[in-house]
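1. could you look at this predicted model? Sequence included:
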Amino acid sequence: MRFTTSARVTALCLFVLSMGMPAAAQDVPRAEISAGYQLLGAKGDVDETLEKGWYADVAGNVGRVFSVVFQVSGNYKTFHETVTLGSFTSTVDVDLKVHEFMGGIRAGTRSSRTLTPFVQFLAGGVHGSADVSGSLVSGGQTFFSTNDSDSGTDFGLQLGGGVNFHVSDAFGVRFAADYLRVFGDGDDLNAYRFAVGAVFPF
């Protein structure tokens, strides 16, 4: 069987590409771990910014573009308020905690050895809890006190992206921003997430 000129050119191109694929694959780490600081701002039934936070994620690279991601994170805030009216003093303390357990897909471009921009779509559970304590005191006598807690886990979707700055082949710095939608019972929650952390490819 005789090849035409176009068939020979096509075969040659495929051969060259197949020779280059192993070398290209060597430029992509098998996986990467990232951890750092996370700020979470919530809008909805809870309208607060939780400045204390952390995140950690691991991504397994599937080729040069896509990665499978698993992310965990936590944010915390404590409220303390005291109101005095005459001889009565009311005190309220609230301890708020939010934890995320998400997984999904990340897509990034590796055209530069220094920068890797990426977008990601994650889904999973968002667990929130609140511990509330309060009292009403007058003249050293407590007229009312309460201790209550509430918690729940709802389904969440997270969409966003960021960029990894590669300091070396084994270390980088990440900046990321995401939109988080939490589907609660009756009231959905909109949140935004900003994160900065270290990246360790391996």
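-> Ah, there it is.

2. which residues does residue 107 contact?
-> The contact partners of residue 107, by CB atoms under 8 Å, 6 or more residues apart in numbering, come to 65, 66, 67, 118, 119, 120. Backbone N, C-alpha and C define where each C-beta goes, glycine included.

3. let me know the pLDDT of it.
-> The score at residue 107 is 98. That number is its pLDDT.

4. residue 97 now?
-> 96.

5. hey, what's it bridged with?
-> For residue 97, the beta-bridge partners are residue 76, residue 129 (DSSP bridges).

6. and if you look at the one 5 residues further on?
-> Judged by DSSP bridges, the bridge partners of residue 102 are residue 71, residue 124.

7. just to check, it is in contact with residue 56?
-> No: look at residue 102 against residue 56 with CB atoms under 8 Å: they stay out of range, at 11.4 Å.

8. quick revisit: buried ones among the contacts of residue 107?
-> 67, 118, 120 (16 or more other CB atoms under 10 Å).

9. give me the neighbour count for the nearest residue to the second one once chain neighbours are set aside.
-> Read it as residue 118. Excluding the flanking residues, the one nearest residue 118 by CB to CB, 6 or more residues apart in numbering is residue 108, at 3.4 Å. Residue 108 sits with 22 neighbouring residues when counted by other CB atoms under 10 Å.

10. what's the answer for residue 169, then?
-> 11.

11. before we move on, what about residue 32?
-> 22.

12. distance of residue 121 from residue 27?
-> Shown here: residue 121 relative to residue 27, a distance of 25 Å by CB to CB, to the nearest Å.

13. ugh, wrong one, I meant residue 199
-> 16 Å.

14. for residue 158, same thing?
-> 28 Å.

15. so the two - more neighbours on which side?
-> In this view residue 158 and residue 27 are compared by other CB under 10 Å, and residue 158 has more residues nearby, 22 against 10.

16. pLDDT value on that one, please?
-> pLDDT, read off for residue 158, is 98.

17. then residue 14?
-> At residue 14, pLDDT is 42.

18. same check on residue 19?
-> Residue 19 is given a pLDDT of 41.

19. residue 110 now?
-> Value listed for residue 110 in the pLDDT field: 87.

20. sec struct for it, please.
-> Put simply, residue 110 is coil when judged by DSSP: H, G, I helix; E, B strand; the rest coil.

21. what about it, neighbour count?
-> By other CB under 10 Å, the residues close to residue 110 number 18.

22. ok, it to residue 30 distance?
-> Distance from residue 110 to residue 30, by CB to CB: 14 Å.

23. hang on, the earlier thing: I'd guessed the residue nearest to residue 118 sits against residue 65; true?
-> Yes: judged on CB under 8 Å, residue 108 makes contact with residue 65 at a distance of 6.7 Å.

24. one step back: can you pull the contacts of the residue nearest to residue 118?
-> 65, 67, 116, 117, 118, 119, 164.
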